[in-house]
Structure formats: C-alpha cells, structure tokens
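**Q** Need coordinates for the following:
(chains A and B)
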Amino acid sequence: MILMMVPGVVFLALFFYVPILGNVIAFQDFQPYLGITQSDWVGFQNFIDLYSNPDFWNALKNTLVLAAFQLVLFFPIPLLLAVMVDSLISNRVRKVFQSIVYLPHFLSWVLVIALFQQALGGAGFVNNMLRNFGMGTIPFMTNPDTFPWLITVQLIWKDSGWAMIIFLAALASVDVALYEAAAADGAGRWRRLWHITLPSLRTVTILLLILRIGDILSVGFEQFILQRDSVGAGAAEVLDTFTYYAGVIGGDWSAGAAAGLAKGVVGALLIFAANKLAHHFGEPGIFQSKAR
Amino acid sequence: MAITLPRLSPFKSDRPAWKERPSALYQTLKGVIVVGISLAILIPLLIVVSTSLADNKQIIASGGYVLWPMHPTLDAYKTIFNGSLMFQAVGVSVFVTVIGTAVALFTTVTMAYATSRPTLFGRPVLLLVLFTLLFAPGLIPMYLMIRQLGLLDSLWSLILPGALSAFNFVVMRSFFMNIPAELIESARIDGASDFTILRKIVVPLSKAVIAVVGLFYAVGFWNAFFNALLYINDTAKWPIQLVLRTYVLQGKSLTANQLGITQMPQPQAIQMAVVVVALVPILLVYPFLQKHFNKGVITGAIKG
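**A** As a prediction, this is how the structure comes out:
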C-alpha cells in the first residue's frame, strides 16, 4: 500500500510542498541567475516595499471590492435557485433545467468571456441592436466603473448552476415526512419554508460561507487576466494578477513572491478565524467533519 | 391526518397530497424564471454556432452575429483548418487532455484507495493531501519549480501539475471507503496483493466514480489556459484556449497567410468557428458527465 502512495506523494512534494518552501525568495533579493542559495537576504524589505507600492494597494482594494460583490450578490443566488428548483413538481422539467443551468460551469473562462464579448461587446449582439434602433452603444465590457458588476454577472452566469447542486443535495436529504407532518399540522408553504427548508440548509450554507470568506482574497484569476486589457489595470488588477504582472512579466520575482506569500498567510488566518466563527454558531466547521 | 379532496381532473400531477396547489401567479413566475434562465444560457451558445455556419451576406446584413443561419456553409471551418495553426492547437489540447486525464486518474485512484484503508503512514499522507486544499504554493514558486524541472515550454508542464486535485481525491476516497470491507478481506485471505485487489475488485466496482472524476479532470485539462500562457512560449505548442484568447478575445485577426488561403470569410464567422472548436468537445462529453453524475457521488463528497 505504501508503494501505491508513491506517485501521489512525489506529486505533492514536487508541485506543492517544495514550491511552498520556494516562498523563501520573498525574503531575498532573488536573482534567477544566482538561484536561491546565492541571492542576498533582505529580510522583510520586500514586504515594506510592497506597502509603499500604490499598485499593490490598488490590487488589494480591487480584490476586496470584488470579494464583497461576490459575497453579497453571487452567494445567495444558488441558494435561491436551489429552493426554487426543489419546489418544481415535474421531474422532467427539473432534470432538463438542471442540465442547462450547470452547463456553463464546464466552459473555460476564455470561452465564457468570448461569449460575453459577442453578446455585450462593442461590436456585439446587444450593441448592434441598439445601433439598428438609432440609440447609442453601451460600453458594457470596457467601462472600468461598472467592472465589478460585469464580473459578478459573469460569475453568476457561469457558476450559479454548479453551486446550486450542493444546496440541492442538502435539500433533497430532508425527510419528506417532516413536510407531511407540518402540512398536517396546518403549516402553509411559507411556514414550511421557514421552519423546515431553510434550517436544513443552515449547515451547508455556513460551511460554504466559511470556505468563501477564508478564500476571500482569491476572487478569481483567469477572469481578470482576460479582461485586464479591456478595462485597464486600475479596475481589473487583483492580488493574483498583481503577482503575475509584477513578478513574472515585470521580472521582480521577490516582490511577486512577497505578494503571493502575504496573500497565502492572510488567507490561512482568515480560514481559521472563519472556522472559529462557525464553532461559535454551533456548526462543526470544516476540520472536524474532514478528520476521519 | 389532513383531509385532501381528490382533484377531479384528467391531468395527472406529480404533486404529493400534502402540498397545496400553487397560485397561478406563482406558477407563472416560476415558469418565467426557469425559461428566462434557460434562454440566457442557451441563446449565446446558439448564436455562436449559428454565426460560425452563416454565410457572409447574412453576417454583414445582420451587423455581425446571427441567430439562425439561413444558408449554412462550412467555409469558416474550412478556412481555419486550412493552415496548420488549428490542427496544432487541437492536437496539443487533445494530447494534454488525454494523457493528463490518464496520469491524473492513476495518481488519484492509487492515493485515494491507499488512504481509504488503514495503512502505515496513511493518516499523515491523507493530511498532507487535505492540507493542499487550504493553501496554494503561489505563482512565482510554481514557475520557478517548473523551470527547475526543465519543463518550461514542454507540454508536460501542462500535465504534471494537474495530476492530483484535492477535490477529486476526496470524492474518490469517500467512495472507496464505502466499499464493504468483506470483499477486500476475502480477496486478501485468498492471497491477493494490494495492487491486485485494486485492479480486480475496487476499480470494476467504482466505474461510475472513476468516470465522473475522469471527466472532471478532462474538462479541467481542456479548459486550462493560464498555465500555457505562463509556461509555453513556443506558439506551435499552444493549446486551443490560448489560440482562442489571442484571436477571439484580443481580436488579432488571422491573416490569410497563416491560414493558407486567398479569400476570407467574415471575421465573426471565423472567430465563432474557433470558439465552436473549443466548445464542441465539452458539449459532447456533457451528456456522459450527466449520466454518471448522480446525487450519491456529490453528497458523498460533501459529507467527506
């Protein structure tokens, strides 16, 4: 059996644990031609430089704004969808609708943005219609001020169906007898919703909220890198794209590593904090249920 | 017991007895939402396929994108496949997806099975995998690692880092843990080695899960774009997503030279044809994904 674990362990070592150690270059003035062992140590200088870098703060600001949009606008939608789909009577309609609605999850971001571009872009479907009717065009995809809304709409289009599945699974596990008994006692549909349906979603929702909050600094990456040129870095730069553009493209490896490391550490702290919060609400949290 | 009057109606309904009949307003609202969402998803896909098949006249007349091709033509497809660009891109994507999925399934199945039974070092290894769910090593260190391994500009840089996804691992392990211990034990008593048990008993029992996880990996490999952007500089080795990005998103036009032809169909038709090439494999694979995708697999994953 130990032999069986070798491929996986080799993979983990090469592509996860050793690279994590590689974050040490965040504390160096890393020069690729010198390598890790020969580059100078600069302690926390890179982090101090980050704090005085306006591009970093811009990226951080964008990350938090977009995370807030996602949390408030995107997160509830799959839940609502699940409640609605669960109340659909016809099995056929339910199956067909589910198939349609989580299809976009399997499309690549490149594809999704291409689709959005041909619908909402300057030369796209909607703007063509507007032009035909003599009205002015609307710069959906290039306006930096409405960018957070665009991002959220894209995310909703692509992933609500998929996120809905988890909630649906939770809803499906509710014992029908509960509903029957409640109806027998005279509870109408809204009371049943409030007292049975929603509480059954509580554990899953809190779990997902924790994961989401812990992950808050990761608002996505491909989605932004693909649109950064259309709306400008001011609106589209998030922490991950900052790491890429400063570190890889700009060649400032240590700065990029520092940004990445800062994000990773803060993210981990957030997950632990959110988990503690969940315990406070009486939920098992993510570690207990996983440790089997 | 609630008394419900039987509905004297020729229309059979799936509605259970305890549910009230919803108001017409509510029904209509639900209907509108369901149809609306479905259209919002299906129509853009329809436009993409239609535009790729439409003839030049119709595209020019409608201002760029069409809903339904009146005189369908395969010109756009013939054009993009005339030169070597598309063939190479599709070839790269297919190679990475097929080999990648095989490597990933091998790694995931072995790891998942080994950690699903009490094994020496099983617990620590499990924690090692789950730990990866919480952090990511970071872009820069990964790039340096790939460079260190000499994989820059190699297709293996697109395959190997994706060999184990913690999510897929958890799904598979949950399934393996539910396999009755008696089956494994009786094989062991008969003298079978761990590998034999895995091959002859566990895998045949797990076809559905392996299919689903395999499809998840496959879709992941097919859709990957950033790793290629990061690690691959040789344009002959670009996967289809990168080609898609360059020529559709960034709007670079494919020159007649690159395509090896003399007359060009409308740019929208060409762009949409490229999109369709990236899209079709996903659509083809989707029904299979659906078939194996039952609640059991996912609920198991959630609990685990």
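**Q** which residue packs closest to the spatially most central residue of chain B, ignoring adjacent ones?
**A** For chain B, residue B:219 is the residue whose C-alpha lies nearest the centre (CA atoms, centre = their mean; 2.3 Å). Excluding the flanking residues, the one nearest residue B:219 by CB to CB, 6 or more residues apart in numbering or on different chains is residue A:106, at 5.1 Å. Just so you know, the C-beta spots here come from the backbone N, C-alpha and C atoms, and that holds for glycine as well.
**Q** So for the longest helix anywhere in chain A, what gets flagged as buried?
**A** Assignment by DSSP state H gives helix A:253-280 as the longest helix of chain A. Judged by neighbour count using 16 or more other CB atoms under 10 Å in any protein chain shown, the buried positions of helix A:253-280 are A:253-264, A:267, A:270-271, A:274-275, A:278.
**Q** what does stretch B:195-203 give?
**A** Quick answer for stretch B:195-203 (16+ other CB under 10 Å): B:197, B:198, B:201, B:202.
**Q** Low-confidence ranges, the chain, go.
**A** Let's take chain A. A:283-292 (pLDDT under 70).
**Q** that's the wrong chain, I meant chain B
**A** B:1-14, B:134, B:251-264, B:293-304.
**Q** 80 instead, please
**A** The model of chain B has pLDDT under 80 over residues B:1-23, B:56, B:59-65, B:82-83, B:119-120, B:133-137, B:248-267, B:288-304.
**Q** domain assignment for it?
**A** B:34-73, B:78-303 (automatic domain parsing).
**Q** all helices in the stretch 201-304 of chain B, in order from the N-terminus.
**A** B:203-205, B:207-223, B:226-231, B:240-244, B:256-259, B:267-292, B:295-303 (DSSP state H, counting those that start in this stretch).
**Q** With distance to residue B:154 as new columns, can these be given to me in a markdown table?
**A** Formatted as a markdown table, the helices of the stretch 201-304 of chain B follow (distance: least, CB to CB, whole Å):
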| stretch | distance to residue B:154 |
| --- | --- |
| helix B:203-205 | 30 |
| helix B:207-223 | 15 |
| helix B:226-231 | 8 |
| helix B:240-244 | 15 |
| helix B:256-259 | 24 |
| helix B:267-292 | 22 |
| helix B:295-303 | 33 |
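**Q** helix or strand for the most centrally placed residue in chain A, which one?
**A** Computing the C-alpha centroid of chain A and ranking residues by CA atoms, centre = their mean puts residue A:219 first, at 4.7 Å. Under the criterion DSSP states H and E, no helix or strand holds residue A:219.
**Q** Contacts only, for the nearest residue in space to it that is not next to it in sequence.
**A** Spatial nearest neighbour of residue A:219, excluding adjacent residues (CB to CB, 6+ apart): residue A:66 at 4.5 Å. By CB atoms under 8 Å, 6 or more residues apart in numbering or on different chains, the contact set of residue A:66 is A:148, A:151, A:152, A:219, A:220, A:238.
**Q** farthest-separated two in those residues?
**A** A:152 and A:238 (13.7 Å; CB to CB).
**Q** quick one: which of those two has more around it?
**A** Taking other CB atoms under 10 Å in any protein chain shown, residue A:152 and residue A:238 do not tie; residue A:238 has more neighbours (28 against 17).
**Q** for that one, what are its contacts?
**A** Going by CB under 8 Å, 6+ apart, residue A:238 touches A:59, A:62, A:63, A:66, A:219, A:220, A:221, A:224.
**Q** just curious, which of these is nearest to chain B?
**A** The shortest approach to chain B among these belongs to residue A:221, at 6.7 Å (CB to the nearest CB).
**Q** Surely the closest one touches residue B:225?
**A** No: look at residue A:221 against residue B:225 with CB atoms under 8 Å: they stay out of range, at 10.5 Å.
**Q** quick one: which of the two has more around it?
**A** Neighbour comparison, residue A:221 and residue B:225: the larger count goes to residue B:225, with 23 against 17 (by other CB under 10 Å).
**Q** and the more buried one, backbone torsions?
**A** Dihedral angles of residue B:225 (phi, psi; degrees, to the nearest 10) stand at phi -130, psi -40.
**Q** Surely it and residue B:245 touch.
**A** Yes: counting by CB under 8 Å, residue B:225 does reach residue B:245; the two are 6.2 Å apart.
**Q** The stretch 51-200 of chain B: helices as residue ranges?
**A** Counting by DSSP H, counting those that start in this stretch, the helices of the stretch 51-200 of chain B are B:56-62, B:75-80, B:85-114, B:122-131, B:139-148, B:156-159, B:166-177, B:181-189, B:194-197.
**Q** any chance of the ones you listed in a markdown table, plus distance to residue A:196?
**A** Formatted as a markdown table, the helices of the stretch 51-200 of chain B follow (distance: least, CB to CB, whole Å):
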| stretch | distance to residue A:196 |
| --- | --- |
| helix B:56-62 | 51 |
| helix B:75-80 | 53 |
| helix B:85-114 | 35 |
| helix B:122-131 | 33 |
| helix B:139-148 | 45 |
| helix B:156-159 | 47 |
| helix B:166-177 | 27 |
| helix B:181-189 | 36 |
| helix B:194-197 | 44 |
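**Q** These into a markdown table, with extra columns for distance to chain A?
**A** Output for those, formatted as a markdown table (distance: least, CB to the nearest CB, whole Å):
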| stretch | distance to chain A |
| --- | --- |
| helix B:56-62 | 7 |
| helix B:75-80 | 14 |
| helix B:85-114 | 3 |
| helix B:122-131 | 5 |
| helix B:139-148 | 3 |
| helix B:156-159 | 10 |
| helix B:166-177 | 8 |
| helix B:181-189 | 11 |
| helix B:194-197 | 5 |
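**Q** Residues of the stretch 151-292 of chain A that sit close to chain B?
**A** Proximity of the stretch 151-292 of chain A to chain B, by CB under 8 Å from any CB of the partner chain, involves residues A:157, A:165-166, A:169-170, A:172-173, A:176, A:179-180, A:183-184, A:188-189, A:204, A:214, A:221-222, A:225-226, A:229, A:240, A:243-244, A:247-248, A:253, A:256-257, A:260-261, A:264, A:267-268, A:271, A:289-290, A:292.
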